[in-house]
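>>> based on what follows, work out the 3D shape:
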Amino acid sequence: MASPEQITELQQARKKIRISLPVREYISDIVRATRDNNSLRFGASPRGSLGLMRTGQALAALRGRDYVLPDDIKYLVGPVLAHRLILKEEERLRGGTPDNLLDEIVSQIPVPAATT
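Okay, here's the model as predicted:
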């Protein structure tokens, strides 16, 4: 089990992981697309963007990098955003799920070139 001091150290280390402007824009594009999607009653909020950015930093650190890749963000979109989305009733009746909609959204957004 981690001590409070270790958790604080890990939080500080996460803040040192760089996120390039193209990756930040990629995160914004994904979150904005959830708000513009006609199958959703409510998309992700700005807090969803922050969550995606912070978990991207944490994943990059766990993978031994000091920068976030677009693939980190793609990997985390479902776990970070799916529970934040509210489907319209008709979409749920058609069998739609937040994860399926996120897969569709991410597939339509151009992935930025990896920069460090």
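
>>> drop to CA atoms for contacts and neighbour counts, all remaining ones
Fine.

>>> pull the one helix or strand in the chain whose mean pLDDT sits lowest out as CSV, backbone CA atoms only.
Lowest by mean pLDDT, DSSP states H and E among the helices and strands of the chain is helix 4-15, with a mean of 88. Coordinates of the C-alpha atoms in helix 4-15 are reproduced here as CSV (Å, rounded to 0.1, in the frame of the first residue of the first chain):
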residue,chain,number,x,y,z
PRO,A,4,0.3,9.5,1.5
GLU,A,5,3.8,10.9,0.8
GLN,A,6,4.3,8.3,-2.1
ILE,A,7,0.9,9.3,-3.6
THR,A,8,1.9,13.0,-3.4
GLU,A,9,5.2,12.2,-5.1
LEU,A,10,3.4,10.3,-7.9
GLN,A,11,0.9,13.2,-8.4
GLN,A,12,3.8,15.6,-8.7
ALA,A,13,5.7,13.3,-11.2
ARG,A,14,2.5,13.1,-13.3
LYS,A,15,2.5,16.8,-13.6
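
>>> buried stuff in that helix?
R14 (16 or more other Cα atoms under 10 Å).

>>> contacts for that helix next, please.
Applying Cα atoms under 8 Å, 6 or more residues apart in numbering, the contact partners of helix 4-15 are R54, Q57, A58, A61.

>>> which helix or strand contains the second one?
I take that to be Q57. Using DSSP states H and E, Q57 sits in helix 46-62.

>>> distance from that helix to the middle of the chain?
6 Å (Cα atoms, centre = their mean, to the nearest Å).

>>> check stretch 81-100 too.
On Cα atoms, centre = their mean, the centre of stretch 81-100 falls 17 Å from that of its chain.

>>> can you measure across that stretch, start residue to end residue?
End-to-end distance for stretch 81-100, by Cα to Cα, to the nearest Å: 12 Å.

>>> let me see the mean pLDDT of it.
The average pLDDT within stretch 81-100 is 94.
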